[in-house]
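Chemist: I'd like to go over a predicted model; first the sequence, then the structure.
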Amino acid sequence: MRRVFNFSAGPAMLPEPVLEQARDEMLDWHGTGMSIMEVSHRGKAFLSVAQQAESDLRDLLKIPDNYEVLFMQGGATLQFSLIPMNLAGGMSAEYVQTGTWSKKAITAARKICPVEIVADTSATGFDRAPDQAQWNRGASAAYLHYCMNETIHGVEFPFVPECDDRPLVADCSSNILSRPMPVEKFGLIYAGSQKNVGPAGLTLVIVRKDLLDRSPESLPDMLSYRKVAEGDSMVNTPPTYSWYLAGLVFQWLKAQGGLEQMERRNRRKAAMLYKAIDESSFYSNPVQTSSRSLMNVAFTLSDSGLDGEFLKQAEEAGLAGLKGHRSVGGMRASIYNAMPEEGVDALVRFMQEFEKSSA
Ligand SMILES: Cc1ncc(COP(=O)(O)O)c(C=O)c1O
């Protein structure tokens with residue numbers, strides 16, 4: 001089989017042992033004679049999978065007991081709307097604008113409640129996490145929302161914003177499980193699954209239980225955090241196979257030594273790549289050093305006319321998915337948990353050879 005390192009931003013690479021286990025269990029899950037995707041979500045087999053996945057996620061992120069874990073659908077995009085629908089309660093909400101994804105969250109929220117932008121880095125090309133001393137906070141708001149890792153611009157917050165008594169809400173779609181996280185500082189954390197969690201189709205929501213009281217009775221059950229929590233994330237048929245695979249990923253993460261170990265590995269991978277970029281005059285990365293993402297490394301070539309050739313040769317060398325997002329161009333290497341260090345090493349060697357051959 002051809003070995004390919006997949007640097008796609010999502011759906012993204014999954015750990016090979018997880019895919020192998022899924023393959024081995026595909027036709028006969030634990031002696032049942034059936035695939036886990038063929039059985040009822042309310043039966044013993046799937047319920048054990050679902051409960052184990054939640055328990056492993058709780059262990060990994062050290063989620064306190066006063067938080068509910070919801071396994072939802074609709075991606076992070078639906079959360080952009082559900083957050084104000086459930087939490088705003090007729091008040092305004094505060095947002096930090098640091099790139100494409102927080103902008104989308106703002107656009108969606110504006111349809112539901114008044115939005116105050118407390119900080120905006122568009123003037124510097126979304127190149128940083130804004131210094132909190134400069135934020136323009138109001139006297140009251142239902143919550144404060146930010147995107148912890150802007151997947152497209154490759155900007156990651158190196159700090160957790162201070163939020164007084166307002167719930168802090170974070171989009172962690174592209175960096176959840178990449179390192180330990182102080183869950184107790186947040187009101188709500190959400191993430192689409194297709195980067196660091198598993199295949200697409202599942203959306204994780206970790207929400208402080210007292211906030212469930214804010215969900216208006218008028219909301220349809222599928223859109224209400226309170227109703228989804230009361231229904232154990234099974235208001236309707238959940239995406240059982242994605243949930244099962246996410247559970248395998250959580251077990252893999254535990255076997256790797258948990259999130260402290262993942263953070264060490266992720267820091268080594270990112271450092272290797274940023275060093276190669278910084279040491280060359282051929283490649284560059286515009287993000288302020290302290291805000292550089294550990295997960296999504298965006299870079300440009302000094303001559304954008306070579307972009308096509310770079311991507312073609314990279315594909316031939318088994319390095320896939322390096323094209324930057326269509327809105328910003330250039331390149332982007334997404335190096336989530338499942339990307340091994342040897343994948344980043346192979347990319348760095350390829351970049352150095354490409355630079356030499358283009359001189
Ligand atoms: C930070 C962030 N937020 C939200 C989204 C949207 O996620 P979904 O496609 O799951 O709705 C993405 C997708 O890439 C993302 O990277």
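Modeler: Yes, it's here.
Chemist: Please tell me how far the residue of the stretch 101-250 of the chain found nearest the ligand sits from Leu202.
Modeler: Closest residue of the stretch 101-250 of the chain to the ligand, Cβ to the nearest ligand atom: Gly192 (2.8 Å). Any C-beta I mention is one placed from the backbone N, CA and C, and that applies to glycine too. Distance of Gly192 to Leu202, given as Cβ to Cβ, to the nearest Å: 8 Å.
Chemist: Torsion angles phi and psi at the residue lying closest to Pro161 once chain neighbours are set aside?
Modeler: Nearest residue to Pro161, sequence neighbours excluded (Cβ to Cβ, 6 or more residues apart in numbering): Gln132, at 5.7 Å. When read as degrees, to the nearest 10, the backbone of Gln132 gives phi -70, psi -20.
Chemist: Look up the pLDDT of Gln132 for me, please.
Modeler: Looking at Gln132, its pLDDT is 95.
Chemist: Contacts only, for it.
Modeler: 119, 159, 161-162 (Cβ atoms under 8 Å, 6 or more residues apart in numbering).
Chemist: between the residues you listed, which is nearest Leu212?
Modeler: Of all those, Leu212 sits closest to Pro161, with 22.7 Å by Cβ to Cβ.
Chemist: element containing the closest one?
Modeler: Using DSSP states H and E, Pro161 falls within no helix or strand.
Chemist: can you pull the contacts of whatever residue of the stretch 1-150 of the chain ends up closest to the ligand?
Modeler: Per Cβ to the nearest ligand atom, Gly75 is where the stretch 1-150 of the chain lies closest to the ligand, at 2.5 Å. By Cβ under 8 Å, 6+ apart, the residues touching Gly75 are 192, 200, 203.
Chemist: Compare those and tell me which has the most neighbours.
Modeler: Highest neighbour count within the contacts of Gly75: Gly192, with 27 neighbours (other Cβ atoms under 10 Å).
Chemist: List phi and psi for Val183.
Modeler: Dihedral angles (degrees, to the nearest 10) for Val183: phi -50, psi -30.
Chemist: Next one, pLDDT for it please.
Modeler: Confidence at Val183, expressed as pLDDT, is 98.
Chemist: okay but it is in contact with Asp65, surely?
Modeler: No: at 11.1 Å, Val183 and Asp65 do not qualify as touching, with contact defined as Cβ atoms under 8 Å.
Chemist: which one of the two has more residues nearby?
Modeler: Shown here are Val183 and Asp65; by other Cβ under 10 Å, Val183 has more neighbours (15 against 7).
Chemist: Okay, the more buried one and Gly75: tell me how far apart.
Modeler: For Val183, the distance to Gly75 - Cβ to Cβ - is 21 Å.
Chemist: Give me every residue in this structure lying close to the ligand.
Modeler: Contacts of the chain with the ligand, taken as Cβ under 6 Å from any ligand atom, map to 10, 75-77, 101, 147, 151, 171, 173-174, 192.
Chemist: Compile these into a markdown table and extend it with columns for secondary structure.
Modeler: Shown next, in a markdown table, are the residues of the chain next to the ligand (DSSP: H, G, I helix; E, B strand; the rest coil):
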| residue | secondary structure |
| --- | --- |
| Gly10 | coil |
| Gly75 | helix |
| Ala76 | helix |
| Thr77 | helix |
| Trp101 | helix |
| Cys147 | strand |
| Thr151 | coil |
| Asp171 | strand |
| Ser173 | coil |
| Ser174 | coil |
| Gly192 | strand |
